[in-house]
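Peer 1: pasted the sequence and its predicted model underneath.
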Amino acid sequence: MLIDFLDIDECEDNTHHEDCHSCVKTEGSYTCKCRNGYELDPITEQKCIDINECEVGEEGYNSDCHNCNNTKGSHTCSCNRGYKLSSNLKSCIDVNECDGVKGTDYNQDCHHCQNAEPGYTCECNDGYEAENSNLEGTCIGEC
């Protein structure tokens, strides 16, 4: 006696695959296709789980991001003082304060601004000395 089994299409009914981004019917079951920033759960192969891009070795990880914050399907990056986000918003690059406006981007009393990573150093004209060991300092008084 032959028994014919009916293969149920779990993808027709949203109740079986709510954690799937795109349901793919297989023989006797289903699997998922996941959007960028997610991966197929290796245990069940029936749901999409968030990839933590902030973990070393994960796709999207960038060691030049100072402060990584994982979000659902992506991540954000913020930078330490003296750095700014790159155009791809995934890494931090040095800010050249010396390209800016004296008194706004670097100290008004700095005679010769030299970019450093991070920040800048200040070199003084003859007869002046640097305050704060030349690190983002000012040139003060005549000797």
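Peer 2: Everything's here; your move. Residues are numbered from 1 along each chain as shown.

Peer 1: please make it C-alpha for all contacts and neighbour counts, starting now.
Peer 2: Will do.

Peer 1: now do stretch 75-92: distance to the chain's middle.
Peer 2: 7 Å (CA atoms, centre = their mean, to the nearest Å).

Peer 1: my bad, should have said stretch 39-52
Peer 2: Distance of stretch 39-52 from its chain centroid, counting by CA atoms, centre = their mean, is 22 Å.

Peer 1: quick one: least confident helix or strand in the chain?
Peer 2: Least confident helix or strand, the chain: strand 129-130 with a mean of 74, by mean pLDDT, DSSP states H and E.

Peer 1: could you identify the helix or strand that succeeds it?
Peer 2: The C-terminal neighbour of strand 129-130 among helices and strands, as given by DSSP states H and E, is strand 139-140.

Peer 1: tell me which residues touch the residue lying closest to Cys124 once chain neighbours are set aside, please.
Peer 2: For Cys124, ignoring the flanking residues on the chain, the nearest one in space by CA to CA, 6 or more residues apart in numbering is His111 at 5.2 Å. By CA atoms under 8 Å, 6 or more residues apart in numbering, the residues touching His111 are 122-125, 138-139.

Peer 1: out of the residues you listed, who's the most crowded?
Peer 2: Counting by other CA atoms under 10 Å, Cys122 has the largest number of neighbours within the contacts of His111, with 26 neighbours.

Peer 1: do I have it right that it meets Tyr128?
Peer 2: No - counting by CA atoms under 8 Å, Cys122 stays clear of Tyr128, with 11.3 Å between them.

Peer 1: touching both of these two, which residues are there?
Peer 2: Common contact partners of Cys122 and Tyr128 (CA under 8 Å, 6+ apart): Cys139.

Peer 1: before we move on, back to that, how about the contacts of His111, which pair is most distant?
Peer 2: Maximum pairwise distance among the contacts of His111 (CA to CA): 11.1 Å, between Asn125 and Thr138.
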